[in-house]
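**Student:** sequence first, predicted coordinates after that:
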Amino acid sequence: MITGMTGGFPDAVKINDHLAHAAAELGLAMGVGSTRAAILRGQYPESYSCVGRHAVPLKLSNIGAPQIIPQAPGDRVVGVDEARSAMDLIGADVLAIHLNFLQEMVQPEGDRKARGCLEQIGVLARKLPVLVKETGAGLSRDVGERLKAKGVRAFDVSGTGGTSFAAVEHHRARAQGAEREARLGKTFWDWGIPSPVSVRELTPLGLPIVASGGVRSGLDVARAVALGATAAGTAGGVLKAAAAGYPETLAELSQLVHEFKVAMFLTGCRTVEELRRARWVVTGETRQWLST
Ligand SMILES: Cc1cc2nc3c(=O)[nH]c(=O)nc-3n(C[C@H](O)[C@H](O)[C@H](O)COP(=O)(O)O)c2cc1C
């Protein structure tokens, strides 16, 4: 799948349109970026709704956990009605709620309150099909268990190994002259749980798992499935192509699909289910993580 990236500014129309067109062509699921701009500020709804013009088989709308609780007294928050609007915007099957507190801490203007998020995720998950995703720092079993108890139906691990929002925000903070945050971004650059480890953390919970965070090839997708993921997702891996055009986006994603099929052929797996039962070996740092 293509995991959520963008929306809420004029150029995002093209990016989401290219992604949705390719997702429909190849039969991939797709998420949009945070719909906060459209839902709470009425900004550029077309940059999300363009996705609905394509026959994407599974669509995920997106909202940030910091937006479901008030960050300041009197703040408008995303409740059940707003979350429903976020889904209706693209005709979504699933609402993805993202946890991005590392990013918020490094952002000079970050939304840093988190108390009450878990309860509010529960309120939304009682009414809507909710997936919880990270944004590059991974989910632990403990967090997964607490979310499952609140009625969350699926996870997207988004672990370390791919896009680092501590790094992205480090550069932004530096450009703004926010020295404290810039240094924080450097300190926490690689902070989090590696994606494959996060997949293994969550498999005992028995819910669908999207493996993401550093998925850059079809072989990575095959590795993720063998480790127990239901699907794999990429964001940063397809961003450049999506900004360039539809042919580039289709070519990049077709390459991943082809590589995935080659990995299945070479391991003698006829179905994804067979690949899920394949033997695997982990080495190096991942092995250390898994033995703790
Ligand atoms: C440009 C960009 C914007 C993103 N915006 C969002 C967002 O709005 N909501 C969200 O849940 N994740 C967002 N993400 C995180 C991705 O969905 C994904 O979890 C993360 O980038 C790790 O995957 P990757 O290594 O393939 O990029 C964004 C990622 C990128 C690269």
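**Tutor:** Happy to help now that I have it.

**Student:** separation between L124 and H54?
**Tutor:** According to CB to CB, to the nearest Å, L124 and H54 sit 26 Å apart. The way it works is simple: take the backbone N, C-alpha and C, and place the C-beta from them, glycine included.

**Student:** between these two, which is the more surrounded one?
**Tutor:** A direct count of neighbours by other CB atoms under 10 Å for L124 and H54 places L124 higher, at 23 against 17.

**Student:** which helices and strands sit right next to the helix or strand that contains that one?
**Tutor:** For L124, the host element (DSSP states H and E) is helix 117-127. When contacts are defined as 3 or more CB pairs under 8 Å, 6 or more residues apart in numbering; DSSP states H and E, helix 117-127 sits against helix 80-90, strand 94-98, strand 130-133, helix 141-149.

**Student:** residues contacting the residue in the chain positioned nearest to the ligand?
**Tutor:** Relative to the ligand, the nearest point of the chain is G162 (1.9 Å; CB to the nearest ligand atom). G162 makes contacts with G136, S195, S212, G213, G214, V215, R216, T234, A235, G236, G237, as judged by CB atoms under 8 Å, 6 or more residues apart in numbering.

**Student:** would you show me how to pick out the buried ones of the residues you listed in PyMOL?
**Tutor:** In PyMOL syntax, the buried subset of the contacts of G162 is picked out as below (16 or more other CB atoms under 10 Å):
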select buried, resi 136+195+212+213+214+215+234+235+236+237
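
**Student:** restrict the contacts of G162 to contacts with the ligand.
**Tutor:** The subset of these within reach of the ligand, by CB under 6 Å from any ligand atom, is G136, S212, G213, G214, V215, T234, A235, G236, G237.

**Student:** how about the strands in the stretch 101-250 of the chain?
**Tutor:** Using DSSP state E, counting those that start in this stretch, the strands found in the stretch 101-250 of the chain span residues 130-133, 154-156, 209-212, 231-233.

**Student:** point out the most buried one among these.
**Tutor:** Highest mean neighbour count of the strands of the stretch 101-250 of the chain: strand 209-212, a mean of 29 (counted as mean count of other CB atoms under 10 Å).

**Student:** that one pairs with which strands, parallel or anti?
**Tutor:** Sheet pairing for strand 209-212, assigned by DSSP bridges, gives strand 154-156 (parallel), strand 231-233 (parallel).

**Student:** now T234: closest residue in space that isn't a chain neighbour?
**Tutor:** V215 (4.6 Å; CB to CB, 6 or more residues apart in numbering).

**Student:** that neighbour: what's it in contact with?
**Tutor:** V215 is in contact with G162, S195, V221, A224, A232, G233, T234, G237, counting by CB under 8 Å, 6+ apart.
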